[in-house]
Structures are given as C-alpha cells and as structure tokens.
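> Coordinates for the following, if possible.
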Amino acid sequence: MSGPRRRVIHTAQALVDEVLEVPGLPRRGQNVMATSARRYAGGAVNILLAAARSGATCVHAGAHGTGPNGDLVRDALVAEGVTLSSPRLRDLDTGVCVVLLEESAERTFVTTMGAERCVTTQTFGSSHPEPGDLVCLSGYSLLPPVCDPLLAFLDGLAPGVEVVLDPGAAFSALPEELRAHVLARTTVWTSNAEEAAAVTGVEAFQEAPAQLSALLPESAVAIVRDGARGCAVRLGGRTAYVPGFPQEPVDTNGAGDCHTGVLVACRAAGMDWAQACRRANAAAAVKVTRRGPASAPTAPEIDDFLAALT
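Reported below is the predicted structural model:
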C-alpha cells in the first residue's frame, strides 16, 4: 500500500493489572496467600505495546484518568512510542483488573470500572482513522456505558478502515442484534478457540473460521488461535492452518493480546495473513516464557526465535 503508513488504533480500555501469584484459588469464603504482587499497565496496553514493538505506528483512542493508575498507563504507552489521542479525564482515575495467576498459569480476573469507561463518540474520533488504518475493538467495550458511543464511532468510519474485532468472553453473551450489528462492520475477527466456539458452536479451532466467515462480510478474515497449536485463518473461501511453537509456559497472561498486537502490526506493514499469523504465533510462544502481561517480544527477538528454528 502506498501513501501514509497504516496505523494501529485501539479503542478498548487501558487498565492497570494487579497480578497476584497464588498456588491455587481458595474455596469460596476462604483465604490464600499470594507469593508475589506486581502492577502493570494492561488491557488495551498489552496489544498496543506488542504492536509497537513490531514496528507499528500505534494510537490509543480510549479514555484515561488522572491519578497513579492513569500515570502508569500513560507512562507505559509513551515509553513505547504510542500516542494517546484523547485528553486525560480530571478527578477520576483509571480502573484496575486484579489477576489471580495460579502455578498452572491459569488466570482469574476481577475488574473495576474507572475513567476508561467514561467515553464519548468524540473520544474515539480523536484518533481520526483513515482508510488503511486498523481500528481494534474488544467485546468488553460492547457493554454499557461504552457500547453506544463505540457503535456510533464504528458506524461513522470511512470505507477502507479495517475493523479488527477481538471478541473476548463477553461477545457471545451479547444480544443477537448487537452481535450482528458489530459483525457486519468487522473486517478481521481474531479470537481464541473457546471464544469462537461460544459463537459458532464449533469446538475444533481449525473448523471455526469457516463458520465465522458466514457471519462476517464477504471479504472479511477470520482467525482462530489455540495456544501452542497455532491458528487457523479463513480468507477468500479457504482456511489455512498456521502451526504454533509449543513452549513450557510460565505466564500465559497477555499471550492472546501479544498475538493480536503482532498480527495487526504485521498487517499494517503489508505482510500477507499467513506470514502475519506465523510471526504472531512466534511472538506468543516467546511471551509465555516471560512473566508479566506486557512482555511481548520486539521484532528482532521474533526474528531470532524463528531463525533458531531453521
């Protein structure tokens, strides 16, 4: 594609992750002692950092607050060269997602709501998307109070703006009319196998993209990943399997976000879908060997990982 560089714009909530490592979840009403506690900028930050580290020009179009949580989010984004297009909100701080990380690498989440949920159509519009840009949205943004201004923003996008939907666990529980509205405007679906199965009823991740494509515009792309097994991508009536790179995980928190961030960065750079998926699979494989949700590798680190396989 000629002309200005394509951007990755994310509309989802930027939060602070409070990660507590625990041996396992306690029984209801009981207690467990955490072995460590860390604070990270999370939510949409994870995807944006992964994309920026793969060379994308990135913009966060969501709201952010005033206070220590908002400062942590802004500092993390600015450090990676990510632009925040909307001004900070006064007198309200950014919310927190408490992550209980078990020794098995399984995660459980409890999320508060703060400044990141106080948005308008103008908040998202401050990013000024142009044809060729990739606008990312999360299924968690399709809940009140974010849903209505986000839909108005989506409906006003110019032709040629790519809409990348990361449905999350929330999407399948939304009203059917709302899901259909969003899917009609989605040009790229990217999710894990469980999220795809919740919408299609098909548990095999290599078969789910074909079912998803029936719900999307004709030219849309459907990508379904399944951890170390890799991902399947559906485009132009054909499904291709892109194998993964199994690793011994120490922390899977943020692995899906890492995959999505590298995927959209590669597409913004003009790579074909198979190449973008392969690099996204490699990035997620590196990430699960590192602690912390925002520990996506850089483009040279992905290059080194892939080179070591040959």
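
> Give me the residue at the spatial middle of the chain.
Closest to where the C-alpha atoms of the chain average out (CA atoms, centre = their mean) is D257, at 4.1 Å.

> So what does it look like in phi/psi?
phi -60, psi -40 (degrees, to the nearest 10).

> wait, what's in contact with the closest residue in space to it that isn't next to it in sequence?
Take D257 and drop its neighbours on the chain: the residue closest to it by CB to CB, 6 or more residues apart in numbering is N46, 3.6 Å away. C-beta coordinates here come from the backbone N, C-alpha and C atoms, glycine included. For N46, the contacting residues are G254, D257, C258, G261, P293, A294, A296, by CB atoms under 8 Å, 6 or more residues apart in numbering.

> Okay, R53 and A173: tell me how far apart.
Going from R53 to A173 by CB to CB, to the nearest Å gives 32 Å.

> And the strand or helix carrying C58, what does it pack against?
Taking DSSP states H and E as the definition, one finds C58 inside strand 57-60. With contacts taken as 3 or more CB pairs under 8 Å, 6 or more residues apart in numbering; DSSP states H and E, strand 57-60 sits against strand 7-10, helix 44-53, strand 83-84.

> Looking at R53 and A173, which one has more neighbours?
Per other CB atoms under 10 Å, whichever of R53 and A173 has more neighbours is R53, with 24 against 11.

> Next, count neighbours for the nearest residue to the more buried one once chain neighbours are set aside.
Nearest residue to R53, sequence neighbours excluded (CB to CB, 6+ apart): T298, at 4.5 Å. Applying other CB under 10 Å, we find 15 residues neighbouring T298.

> S54 is in contact with T298, correct?
Yes. Using CB atoms under 8 Å as the test, T298 is close enough to S54 to be in contact (7.4 Å).

> ok, then the element right after the helix or strand of the chain with the lowest mean pLDDT?
In the chain, the helix or strand scored least confidently by mean pLDDT, DSSP states H and E is strand 107-111, which has a mean of 89. Toward the C-terminus, strand 107-111 is succeeded by helix 121-125 as the next helix or strand (DSSP H and E).

> Dihedrals phi and psi, the residue lying closest to V188 once chain neighbours are set aside?
Counting by CB to CB, 6+ apart, V188 lies nearest to V164, which is 4.3 Å off, once chain neighbours are set aside. For V164, the backbone dihedrals (degrees, to the nearest 10) come out as phi -100, psi 110.

> Who is V164 paired with across the strands?
C136, V188 (DSSP bridges).
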